[in-house]
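Student: How does the following fold in three dimensions:
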Amino acid sequence: MKVDYRQAFLVHDFALIEHEGNLVGLIETTPEGDTLLIVNVAVEPTRQGRGLGRRLMGYAEDLARSQGLKRIRLYTNKLFDRNIKLYASLGYRLDREEALNGGVAVHMSKPLS
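Tutor: Below you'll find the predicted structure:
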């Protein structure tokens, strides 16, 4: 995967969670029409299972609502079953699956009220 983060930092929103000066989680988002796309969400492996992912996802929902957006969407690797279960528990629904780079991408979205 080749990402130009210099460009991404100019056009995407990044929210970070730090603990004792160390980055332990982040979420990267960008608006697309009436939708907020979650480009990336990550939590340091030793910090997973402590609610940081849910906190980051909640931040994205608050951000989308503050911008008047109608839904949030994301995509992830089908092999990341734990993430897919987390997103489903947060109200995201499966929209579609597609072959991508030798794997399967799972596209999910959540309408905002």
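
Student: how far out from the middle of the chain is the helix or strand Ala105 falls within?
Tutor: Ala105 is part of strand 103-111 when elements are defined by DSSP states H and E. Relative to the chain's own centre, strand 103-111 is displaced by 11 Å; criterion: C-alpha atoms, centre = their mean, to the nearest Å.

Student: Off-centre distance for stretch 16-32?
Tutor: For stretch 16-32, the distance to the chain centre is 11 Å (C-alpha atoms, centre = their mean).

Student: for stretch 20-38, that is, sorry about that
Tutor: On C-alpha atoms, centre = their mean, the centre of stretch 20-38 falls 6 Å from that of its chain.

Student: go on, stretch 106-113?
Tutor: Distance, stretch centre to chain centre, for stretch 106-113: 11 Å (C-alpha atoms, centre = their mean).

Student: what do you get for stretch 101-113?
Tutor: Taking C-alpha atoms, centre = their mean, one finds the center of stretch 101-113 at 10 Å from the center of the full chain.

Student: same deal with stretch 96-105?
Tutor: Centre to centre, stretch against its chain (C-alpha atoms, centre = their mean), the figure for stretch 96-105 is 17 Å.

Student: What is the end-to-end distance of it?
Tutor: 8 Å (C-alpha to C-alpha, to the nearest Å).

Student: Which of the three states applies to the residue nearest to the spatial centre of the chain?
Tutor: Note on the chain: the residue nearest the mean C-alpha position is Ile38, at 3.7 Å, using C-alpha atoms, centre = their mean. For Ile38, the secondary-structure state derived from DSSP: H, G, I helix; E, B strand; the rest coil is strand.

Student: returning to what we had before: direction included, what does the strand holding Ala105 pair against?
Tutor: Using DSSP bridges, strand 103-111 pairs in its sheet with strand 71-77 (antiparallel), strand 93-100 (antiparallel).

Student: quick one on the thing from earlier: tell me what the residue nearest to the residue nearest to the centre of the chain when sequence neighbours are not counted is bridged to.
Tutor: In space, and not counting its chain neighbours, Ile38 is closest to Leu74: 4.0 Å by C-beta to C-beta, 6 or more residues apart in numbering. From N, CA and C alone the C-beta is placed, and that goes for glycine too. When bridges are called by DSSP bridges, Leu74 pairs up with Ile38, Met108.
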